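Visitor: how would this look folded up:
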Amino acid sequence: MNKHAIKPLALALGLALAATACSRSGQEAPAKSAASAASASSAASAASAKTASTSAMTPAHASTAPIFNVANLDTKVNACTDLNAFVNAKWIKAHPIPADQSSWGSFNLLHEKSLKDQHNLVETAENKADSAKPGSIEQKIGWLYRSGMNMSARNKLGFKPIKPELESIQSIHSRKALPEWLDQSFAKGNNFVFSFGSGADFKDAKKQIGYTYQGGLGLPTPGYYTNAKDKNIRDAYVKYIAKMFTLTGTPAKQAEKKAHEVMAFETELAKHSISRVKLRNPENQYHFVSVADADKATPHFSWKQFFKAQGVTVDKGFSLSQPKFFK
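Guide: Next up, the predicted model:
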């Protein structure tokens, strides 16, 4: 067994000893358990060192950095009364929440590292784009990134790049036209009103099926649209929507009218949406139906036509995850 497996065992053993000690009387137990954990870790380190010396190891396996170091445990804290502080207090103290974050943890650090690595990749691609192989992925990524970062060109263009999309929305004048527009929008990768994607079947993880979810809300949760305490947020949101209309050439008074219409539409969607708390229930995230049954549930929207527009073949069915929202 290499040390990558032994160290987590030492962690588990140390915490198990600490937990076991909690059942004992007196105040010595936590300290003894911590000491036991340290002994266990030392033993594990010795065992891993012995394994390393008797096996052919590549440089990648020869790292001496511990996977679990008992020095990270706060032995000043009674593990029996606050296991979280016993395990995490030192890390939390050493890693305060950054001013631009609402929470912080090891996964946040990984996320930030991932973003930094991605940034380095696209920066490199952009620097080499002109000399890259014509039509290569490297060149496409480099030029795409360059166009996105060219703020002077973006400001000069204004909303011209999305003008065709806005015109297509203006052409919707009937109930029949709306589903057709949604079909084509989803085919282009734009999710409006609801979301669609694929994932493992909740009842058979070996299968990938389609999932449709409630959506279409600009505010974080359905409650923002009805809670009295959030009226100021709603008012500010309407002003924001009106501003978006004016930026695309709509006169101020007309923009305000349209903003209130958008708010009214989203409020109706919110009334038929399930709260985040209720969405924690897996039963509210999965509702498998056949395409035929889905079409019966939404007579004004054809799922058969929707999947055809996406170029997707649906055999037995898909998850109409929140039926109430779609009816």
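
Visitor: quick one: the strands in the stretch 51-200 of the chain?
Guide: Counting by DSSP state E, counting those that start in this stretch, the stretch 51-200 of the chain has strands at residues 194-201.

Visitor: can you tell me what sits against the longest strand belonging to the chain?
Guide: Of all the elements of type strand in the chain, the one with the most residues (DSSP state E) is strand 204-214. Strand 204-214 has contacts (Cβ atoms under 8 Å, 6 or more residues apart in numbering) with 194-201, 269, 272-274, 285-286, 288, 307, 312, 314, 317-322, 325-326. For the C-beta atoms, the positions are set from N, CA and C on the backbone; glycine is no exception.

Visitor: for residue 237, see how far away the nearest residue to residue 159 once chain neighbours are set aside is.
Guide: Nearest in space to residue 159, with sequence neighbours left out and distances taken as Cβ to Cβ, 6 or more residues apart in numbering, is residue 248 at 4.8 Å. Per Cβ to Cβ, to the nearest Å, residue 248 is found 17 Å from residue 237.

Visitor: residue 188 too?
Guide: 26 Å.

Visitor: which of these two has more neighbours?
Guide: residue 237 (19 against 7; other Cβ atoms under 10 Å).

Visitor: test my guess that the more buried one contacts residue 263.
Guide: Yes - using Cβ atoms under 8 Å, residue 237 is in contact with residue 263, at 7.0 Å.

Visitor: what about the strands in the stretch 201-327 of the chain?
Guide: Under the criterion DSSP E, counting those that start in this stretch, strands of the stretch 201-327 of the chain are mapped to 204-214, 288-289, 318-320.

Visitor: could you list the low-pLDDT ranges of the protein?
Guide: For the chain, applying pLDDT under 70 flags the ranges 1-21, 23-66.

Visitor: distance of the residue nearest in space to the middle of it from residue 100?
Guide: The chain has residue 111 as the residue nearest its centroid, 11.0 Å off, counting by Cα atoms, centre = their mean. Distance check for residue 111 against residue 100: by Cβ to Cβ, it reads 13 Å.

Visitor: for residue 267, same thing?
Guide: Counting by Cβ to Cβ, the gap from residue 267 to residue 100 is 31 Å.

Visitor: what do you get for residue 288?
Guide: According to Cβ to Cβ, residue 288 and residue 100 sit 41 Å apart.

Visitor: repeat that for residue 327.
Guide: 41 Å.

Visitor: could you check which of those two has the larger neighbour count?
Guide: Shown here are residue 327 and residue 100; by other Cβ under 10 Å, residue 327 has more neighbours (11 against 5).

Visitor: tell me the contacts of the residue nearest to that one when sequence neighbours are not counted?
Guide: Closest residue in space to residue 327, ignoring its immediate chain neighbours: residue 297 at 5.7 Å, by Cβ to Cβ, 6+ apart. Residues in contact with residue 297 (Cβ under 8 Å, 6+ apart) are 289, 320, 323, 326-327.

Visitor: again, but for residue 314
Guide: Residue 314 touches 210, 291, 307, counting by Cβ under 8 Å, 6+ apart.

Visitor: would you map the helices across the protein?
Guide: 3-21, 28-53, 83-94, 106-128, 137-149, 151-157, 163-170, 177-187, 231-247, 252-271, 276-279, 291-297, 303-310, 323-326 (DSSP state H).

Visitor: take these and lay them out in a markdown table including distance to residue 214.
Guide: Below are these laid out as a markdown table (distance: least, Cβ to Cβ, whole Å):
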| stretch | distance to residue 214 |
| --- | --- |
| helix 3-21 | 40 |
| helix 28-53 | 47 |
| helix 83-94 | 35 |
| helix 106-128 | 26 |
| helix 137-149 | 30 |
| helix 151-157 | 32 |
| helix 163-170 | 21 |
| helix 177-187 | 14 |
| helix 231-247 | 19 |
| helix 252-271 | 8 |
| helix 276-279 | 9 |
| helix 291-297 | 14 |
| helix 303-310 | 15 |
| helix 323-326 | 4 |
